[in-house]
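> Return a 3D structure for these sequence lines:
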Amino acid sequence: HNYTMNTAIYRDVHLTYLRRNRSWKSVKGTVLLTAWYIHFYGDGNEAALDIQSSYSSVKDAKPLLRKKNSKYIYFEISTKNFMQWLIAFDNQETLEDFSRSFQRVWGLRGEGISNNVPAYEETIGYDIVDNGWNVYSYEKEWERQFAAYELSERKWKISNLNEDYELSPSYPKQFSIPINYNENKLFVVSEFRELARIPALSWIHPTNQASLIRSSQPFAGRLGNNRCEEDEELIREMFNAGNGNGLIFDARPIANAMANRGIKGAGFESEVNYTKVIFLDIDNIHVMRDSLNKVRSLGRSTNDKQWHQKLANTGWLSHVGLVISGSVKIASQIKKGTSVLVHCSHGWDRTAQLTSLSSMILDPFYRTVRGFQILIEKEWVSFGHRIQDRAGHLSSLQNGSKEESPIFLQFIDCVYQITRQFPCAFEFNTKFLVTIVEHFYSCTYGTFLANSEKEKEMLKLSENTISLWSYINHEDHIEKFLNPIYIHQVGNIYLDVASSMENIHFFSELYHRMENHFEPSAHERTLLAVRESLDQLREEIEQQKNIINEQAKIINNLKNE
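Residues are numbered from 1 along each chain as shown. Next comes the predicted model:
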């Protein structure tokens, strides 16, 4: 790297945060600015406190004007993963020195991702036993999904037509199509689908053969009368691999889909040539970005009695509810035996949300730690969610980018909502979800750095960086990510998820992250209490087992005498 910096140390500063009772509290400690991170270490009773954020995750940073009669002056740092730093200094000179030091380290350092993120220099203090880069294999996941079917019953095959990423640069090397379909026709289909993101299998039901399929929008023409017989045949064969019934779910509002038709001749399929098309009314990346920015603006006004109304006015919870509602509609159709094709415009944002959530509702494997990691690798990383763009890893600082959008974060929020409804159905806990969001933006690990599988290979991420899953799955760390009340489920266990607004809650463990370092949320406190009770019960059971074993030995000795 062409950038180095000595550590800057600022002692006797205060980190200020808003408590759950809406009062302010300060913790005294030391701030360190290293080459890639800002750290805060507590003093005295808070000596165990260690908080850090990477500069890659910083959204905004600025000094604040001194308030009248205030003892301190403040420097505020906001991160994309919702860490809100409010650092108090007792004199202007120190604040200005800190501000200069921070601005020096917070900035683009050269061309390309490798020069601007800590992942390429990250080291760990433990051996990687379970390499996270090996968590996902398309062929192994394919075998898992089709395990319920005999070879003669399998109506799908793996295509390697995209091995060199020439068919579709943003698609994975391998994907599945119907076994009787001539894959050479896919070159024609690729010209009919936006960015060559052709229909491909995401998941198959283990008993009724109904399939979950994803793609981008078709080039249906401005009048909607463009046809591609090869595309129609592909969709027909996909539906026939099940019971022949199929539906198309378009994630967008119909007005947006019509606008795509009028502007560039794209849009949606003709019901005459395909099947019924259902629109899910989920807004685009720009609406989601604006909505979450409004949530961010609530951060300093939570003591307002009208805060919940202000939260509702951001629209964020409504957007989350619509994504969940759409996923439930898709999953319920597949459960009944109807195959489903899902797309939005490009097929890498709302489509990924819907295929992931509906798969998780249908398949308990994706509710385990490893299964959820595989789901992310498959539906987001491999199928080309534009992570680098959506996370803004290389966007101009402060101004952001029009390509930035919290689509993946919103997916995690949706998962959180479902875990609240089914607290025993998930092997992982809330900390697991928050950690994933943290490192989606932190650039500490290589898992969330590339826009596609092709870019991932070009950047040699598996060779040059550490996978987030290597960290999470390590025996020294995994315990803190496990749900203590998880009940392992075997078989086809469908989650009857509710999506009405009374079931959508503010994800405070994520959006109020700084205060959670000091005071666990009510939801977390409940789980901690349950864990303590379970640990105590386990100890009592072990004690009873020991007593029974001792009594059994005494009885045996008496019999022998």
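> for this structure, which helix is longest?
helix 522-560 (DSSP state H).
> now that helix: how far from the chain's centre is it?
38 Å (Cα atoms, centre = their mean, to the nearest Å).
> now stretch 466-477
17 Å.
> Okay, now the unreliable bits of the stretch 301-450 of the chain?
Counting by pLDDT under 70, the stretch 301-450 of the chain shows low-confidence ranges at 301-304, 396-400.
> mind listing the helices for it?
307-314, 316-335, 350-362, 369-376, 387-391, 407-421, 430-442 (DSSP state H, counting those that start in this stretch).
> what helices or strands is the last one leaning on?
The criterion is 3 or more Cβ pairs under 8 Å, 6 or more residues apart in numbering; DSSP states H and E, and the helices and strands that helix 430-442 contacts are strand 50-54, helix 369-376, helix 387-391, helix 407-421, helix 468-472, helix 508-511, helix 522-560. Where you see a C-beta, it was placed from the backbone N, CA and C, and this is true even at glycine.
> could you redo these as CSV and give each row mean neighbour count?
Converted to CSV, the helices and strands packed on helix 430-442 look like this (neighbours: other Cβ atoms under 10 Å):
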stretch, mean neighbour count
strand 50-54, 19
helix 369-376, 22
helix 387-391, 23
helix 407-421, 22
helix 468-472, 23
helix 508-511, 19
helix 522-560, 11
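> need the ones you listed in CSV with distance to S176, can you?
Listed next are the helices and strands packed on helix 430-442 as CSV, based on distance: least, Cβ to Cβ, whole Å:
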stretch, distance to S176
strand 50-54, 37
helix 369-376, 15
helix 387-391, 23
helix 407-421, 23
helix 468-472, 24
helix 508-511, 34
helix 522-560, 38
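> Which one, of the ones you listed, ends up nearest to G321?
Nearest to G321 among those is helix 407-421; the distance by Cβ to Cβ comes to 8.2 Å.
> could you give me the average pLDDT of the longest helix of the chain?
In this model, helix 522-560 has an average pLDDT of 78.
> of all the helices and strands packed on helix 430-442, which lies closest to A255?
Per Cβ to Cβ, nearest to A255 of the helices and strands packed on helix 430-442: helix 407-421, 20.1 Å.
> which residues touch that closest one?
285, 288, 292, 319-320, 323-324, 327, 349-350, 352-353, 356-357, 360-361, 372, 380, 385, 387, 390-391, 425-426, 430, 433, 436-437, 440, 448, 495, 497-498, 503-505, 507, 509-510, 523 (Cβ atoms under 8 Å, 6 or more residues apart in numbering).
> hmm, which of those are the buried ones?
285, 288, 292, 319-320, 323-324, 327, 349-350, 352-353, 356-357, 360-361, 372, 380, 385, 387, 390-391, 425-426, 430, 433, 436-437, 440, 448, 495, 497-498, 504, 507, 509-510, 523 (16 or more other Cβ atoms under 10 Å).
> give me every residue that touches L534.
484-485.
> ok, it to D290 distance?
L534 sits 43 Å away from D290, taking Cβ to Cβ, to the nearest Å as the criterion.
> same deal with H439?
For H439, the distance to D290 - Cβ to Cβ - is 25 Å.
> more neighbours, those two?
H439 (20 against 14; other Cβ atoms under 10 Å).
> For the more buried one, give me its contacts.
Counted by Cβ under 8 Å, 6+ apart, H439 has contacts 445, 447-448, 468.
> Could I get the full set of strands for this structure?
8-18, 24-33, 37-42, 50-54, 58-63, 73-79, 84-89, 156-159, 175-178, 200-204, 211-214, 246-250, 277-279, 339-343 (DSSP state E).
> Indicate which one of those is closest to I555.
strand 50-54 (53.9 Å).
> got the angle between the closest one and helix 430-442?
40 degrees (axes from the mean of the first three to the mean of the last three Cα atoms, to 10 degrees).
> now strand 50-54: how far from the chain's centre is it?
That offset, for strand 50-54, works out to 20 Å (Cα atoms, centre = their mean).
> Quick one: residues in contact with that strand.
15, 36-42, 77, 79, 81, 83, 85, 117-118, 441-444, 514, 517.
> Report the backbone C-alpha coordinates of it in PDB.
Only the C-alpha atoms of strand 50-54 are listed here, as PDB (Å, rounded to 0.1, in the frame of the first residue of the first chain):
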ATOM      1  CA  ASP A  50     -13.200  -1.600  23.500                       C
ATOM      2  CA  ILE A  51     -15.100  -0.100  20.600                       C
ATOM      3  CA  GLN A  52     -13.900   0.300  17.100                       C
ATOM      4  CA  SER A  53     -15.000   1.400  13.600                       C
ATOM      5  CA  SER A  54     -13.200   1.200  10.300                       C
END
